[in-house]
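Asker: 3D, please:
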Amino acid sequence: MEQQLKIGIIGLDTSHVSAFAKLLNDPAQEYHVPGGRVAVAYPGGSPDFEMSWSRLPGFQKELVDSYGVSIVSSPEEVAEQCDAVLLLSVDGRVHMEQLRRIAPYRKPVFVDKPFAVRSDDACSMAALSTEFGFPMMSCSALRYAEALTEALHNAEQGAVIGADYYGPLDIQPTQPGFFWYGIHTAEMLYRTLGTGCRYVQTTTNADHDQVVGVWGDGRVGTIRGNRKGNKTFGGLVHREKGTQFVNTGAYAKPYYASLLERVMALFAGGKLDIAVGETLEIIRFLEAANESRETGKAVEL
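Answerer: This next block holds a predicted model:
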């Protein structure tokens with residue numbers, strides 16, 4: 001029998017709780033991810049964020065009734081009773097404090113998107129990982145959409161010279177501007193182009209936002225956020241000899257399964273698929289995009 005890691009969850013106020021628990025705990029799931037089980041959880045929740053407090057009771061009930069997960073009263077108890085932590089709180093504002101409380105336990109941690117909603121907090125979280133010596137990664141599941149993975153692996157048309165991604169962009173007052181849903185398209189952009197963005201400029205109106213980022217080597221990448229029209233994600237990868245369409249709806253395998261495979265590699269062997277420095281740049285990219293959204297001017301990263 002393969003050893004089963006005991007996984008703890010902090011924050012039961014997101015649909016990712018249900019999605020992750022099904023894929024990890026139910027071997028009958030088509031895209032079951034082996035190697036660990038969700039065993040213990042701390043509910044958390046943000047009383048000033050409707051999408052947090054209104055959904056938490058239902059997800060907590062599902063974990064208890066369907067998977068027998070033990071509910072505890074603090075993040076510290078989760079860290080004490082598990083081998084690895086899924087920090088899933090939907091409110092990016094609370095991630096810094098929750099991570100600070102579990103850092104001394106030195107358990108590997110996956111922090112769900114958005115990693116933070118301020119660059120200062122993001123840098124402090126990275127510092128905690130270094131100080132206490134635990135591996136940590138954070139990203140959107142869209143980073144691992146099968147369509148994007150296939151496009152990036154197919155390099156027949158030469159080097160990547162730019163990319164454009166699109167997706168929904170509802171605004172949540174507690175998660176400033178692009179930090180709510182803009183994180184998804186930003187993650188896809190950064191998986192494609194890597195780090196090195198120098199400045200961004202945002203164009204905005206009531207229905208749409210578009211961010212243009214210019215990389216130090218001259219490549220240009222964009223993310224488009226829609227509050228009107230379809231709710232789909234996708235994009236274009238521009239190469240030297242052609243352009244690839246990334247149709248995220250073309251594959252049956254869910255983003256969450258592809259993400260959890262990378263997370264379990266982290267939990268089981270400490271393998272980091274994303275450098276923390278890249279995550280820090282993504283948070284600064286979104287922060288700068290928000291600043292440009294307010295001023296209308298280009299903002300340096």
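Asker: worst-scoring helix or strand of this structure, pLDDT-wise?
Answerer: helix 50-53 (a mean of 91; mean pLDDT, DSSP states H and E).
Asker: ok, and what's touching the lengthiest helix in the chain?
Answerer: Identified as the longest helix of the chain according to DSSP state H is helix 276-295. With contacts defined as C-beta atoms under 8 Å, 6 or more residues apart in numbering, helix 276-295 is touched by 114-119, 122-123, 126, 129, 136-139, 176-179, 182-183, 186-187, 190, 194-195, 197, 199-202, 204, 209, 211, 213, 223, 298-301. Quick note: C-beta positions are derived from backbone N, CA and C, even for glycine.
Asker: still on that earlier bit, tell me how far the least confident helix or strand of the chain lies from the chain's centre.
Answerer: 18 Å (C-alpha atoms, centre = their mean, to the nearest Å).
Asker: beyond that helix, next helix or strand please.
Answerer: Per DSSP states H and E, the first helix or strand lying C-terminal to helix 50-53 is helix 56-67.
Asker: please enumerate residues in contact with that next one?
Answerer: By C-beta under 8 Å, 6+ apart, helix 56-67 touches 9, 12-15, 17-18, 21, 25-26, 37-38, 41, 43-45, 69, 71.
Asker: report the mean per-residue pLDDT for that helix.
Answerer: Helix 56-67 shows a mean pLDDT of 96.
Asker: now stretch 130-149
Answerer: 97.
Asker: got it, and stretch 161-176?
Answerer: Mean predicted confidence for stretch 161-176 is 95.
Asker: output that stretch as PDB, nothing but the C-alphas.
Answerer: Below are the C-alpha coordinates for stretch 161-176, written out as PDB (Å, rounded to 0.1, in the frame of the first residue of the first chain):
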ATOM      1  CA  ILE A 161       7.400  35.800 -28.600                       C
ATOM      2  CA  GLY A 162       4.200  36.900 -26.700                       C
ATOM      3  CA  ALA A 163       0.800  35.800 -25.400                       C
ATOM      4  CA  ASP A 164      -2.700  37.100 -24.800                       C
ATOM      5  CA  TYR A 165      -5.100  35.500 -22.300                       C
ATOM      6  CA  TYR A 166      -8.800  36.300 -21.400                       C
ATOM      7  CA  GLY A 167     -11.200  35.300 -18.700                       C
ATOM      8  CA  PRO A 168     -14.000  36.700 -16.400                       C
ATOM      9  CA  LEU A 169     -13.100  39.600 -14.100                       C
ATOM     10  CA  ASP A 170     -15.800  40.200 -11.500                       C
ATOM     11  CA  ILE A 171     -14.800  42.800  -8.900                       C
ATOM     12  CA  GLN A 172     -14.900  42.000  -5.200                       C
ATOM     13  CA  PRO A 173     -14.400  44.900  -2.900                       C
ATOM     14  CA  THR A 174     -12.300  43.000  -0.300                       C
ATOM     15  CA  GLN A 175     -10.000  41.500  -3.000                       C
ATOM     16  CA  PRO A 176      -8.700  44.600  -4.800                       C
END
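Asker: what sits against residue 147?
Answerer: 234, 246-251.
Asker: ok, the nearest residue in space to residue 152 that is not next to it in sequence to residue 282 distance?
Answerer: With C-beta to C-beta, 6 or more residues apart in numbering as the criterion, residue 152 has its nearest non-adjacent residue at 6.6 Å, and that residue is residue 192. Applying C-beta to C-beta, to the nearest Å, the value for residue 192 to residue 282 is 12 Å.
Asker: of the two, who's got more company?
Answerer: Shown here are residue 192 and residue 282; by other C-beta atoms under 10 Å, residue 282 has more neighbours (27 against 23).
Asker: how much space between the more buried one and residue 291?
Answerer: If you go by C-beta to C-beta, the gap between residue 282 and residue 291 works out to 15 Å.
Asker: same check, this time on residue 103
Answerer: 29 Å.
Asker: chain center to stretch 73-90, what's the gap?
Answerer: Per C-alpha atoms, centre = their mean, the displacement of stretch 73-90 from the mean C-alpha position of its chain is 18 Å.
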